[in-house]
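1. give me a 3D structure for the following:
(chains A and B)
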Amino acid sequence: MSEFKVHVRQREDDIHVLELRGYLDAHTTPVLEESFQRLLHEKKYRILVNCRELTYISSAGLGVFMAFIEDVRAGSGDIKLSDMNPKVFNIFDLLGFPMLYDIVPTEEEAAAKFGAR
Amino acid sequence: MTAPLTYRLTITSQTNRLNDVRQFVSGQARTHGFAEDDVNKITIAVDEACTNIIKHGYGFSPDHFIDIEVRRSGPQFEIIIMDSGKQFDPKSIETPDMKEYLTHYRRGGLGVYLMKRIMDKVEFNIQHDRNVLRMVKSLS
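-> Numbering: from 1, shown residues only, chains lettered A, B, ... in the order given. As a prediction, the model looks like this:
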């Protein structure tokens, strides 16, 4: 069975962190979609995606970020990504995603890019 | 010339079978001698192909089949994926301009683009009323 889990955590700087774990493919994307929907519903637009334990992503997974980025930025927030392993980063890179998203090595660097609140 | 080593996997048209496809293809690619980076990329190309078939070919109807065949011959690693879903017209897929794509927040249609970026050759054909996708990558 392919396993995928999202753990949501709120930081003191009002940033919500989605910690992704496992395989993000066409089967598991609804789990991530639901997490984004919940945050947007609560008008939480400062979203940091920690990919430390994300072992795999296909274009279905990348599509989730595309689906929500517009609404998140319309709410003056952003989706920033951190701690990506090279295998996963390769796929983001093949599709040119670093052009549209901040993808940085650590969660602290990603948080700093949001600016203070 | 020796006959290629041929390995097969058949799955039902369900996204929960994608993990089995990845296990099968990554194992084959690793045994063939690809480095981990290429193993991962080839695995994604096949995942994308099967996802498209489940989604567009069979419209998420779960009781159909997808046949996946790996043929290994010399440096060549060939994957044939066959389905009986809606006939696929490769001309209907335009290669997206990624900059344009991303700045307009488009969604979907990235699978074929990835397959073409990753593999040396990607060919769509129709044989005996079945869609036949052939992808090739060779050890360099």
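2. quick one: contacts for residue 24?
-> Going with chain A. A:4, A:32, A:54, A:56-58, A:60-61, A:64 (C-beta atoms under 8 Å, 6 or more residues apart in numbering or on different chains). C-beta coordinates here come from the backbone N, C-alpha and C atoms, glycine included.
3. wrong one, I was asking about chain B
-> Neighbouring residues of B:F24 by C-beta under 8 Å, 6+ apart: B:7, B:9, B:68, B:70.
4. which of the contacts of A:L24 are close to chain B?
-> Filtering the contacts of A:L24 for proximity to chain B (criterion: C-beta under 8 Å from any C-beta of the partner chain) leaves A:56, A:58, A:60.
5. please indicate which of the residues you listed are buried?
-> With neighbours counted by 16 or more other C-beta atoms under 10 Å in any protein chain shown, these contain buried members at A:56, A:58, A:60.
6. export those residues as a markdown table, with columns for pLDDT and secondary structure.
-> Shown next, in a markdown table, are these (pLDDT from 0 to 100; DSSP: H, G, I helix; E, B strand; the rest coil):
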| residue | pLDDT | secondary structure |
| --- | --- | --- |
| A:Y56 | 96 | strand |
| A:S58 | 96 | coil |
| A:A60 | 94 | helix |
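7. going by distance to chain B, which of the contacts of A:L24 wins?
-> Set against chain B, the nearest of these by C-beta to the nearest C-beta is A:S58 (4.9 Å).
8. show me what contacts the closest one?
-> A:S58 sits next to A:24-26, A:91, B:44, B:47-48, B:51, B:111 when contact means C-beta under 8 Å, 6+ apart.
9. now B:R117
-> By C-beta under 8 Å, 6+ apart, the neighbours of B:R117 are A:L94.
10. list the contacts of the spatially closest residue to A:G77 that is not a sequence neighbour.
-> Distances taken as C-beta to C-beta, 6 or more residues apart in numbering or on different chains put A:Y45 closest to A:G77, at 2.5 Å, once the chain neighbours are dropped. Listed by C-beta under 8 Å, 6+ apart, the contact set of A:Y45 reads A:39, A:72-73, A:75-78.
11. helices and strands of chain B: which one bottoms out on pLDDT?
-> helix B:98-103 (a mean of 71; mean pLDDT, DSSP states H and E).
12. following element in sequence after that one, please.
-> The first helix or strand that comes after helix B:98-103 along the chain, using DSSP states H and E, is helix B:110-118.
13. CA atoms of that next one as PDB?
-> Coordinates of each C-alpha in helix B:110-118 appear next as PDB, following Å, rounded to 0.1, in the frame of the first residue of the first chain:
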ATOM      1  CA  LEU B 110       2.000  17.600 -17.100                       C
ATOM      2  CA  GLY B 111       2.300  13.800 -17.200                       C
ATOM      3  CA  VAL B 112       3.100  13.500 -21.000                       C
ATOM      4  CA  TYR B 113       5.500  16.400 -20.700                       C
ATOM      5  CA  LEU B 114       7.400  14.600 -17.900                       C
ATOM      6  CA  MET B 115       7.400  11.300 -19.800                       C
ATOM      7  CA  LYS B 116       9.000  13.100 -22.800                       C
ATOM      8  CA  ARG B 117      11.500  14.900 -20.700                       C
ATOM      9  CA  ILE B 118      12.600  11.800 -18.900                       C
END
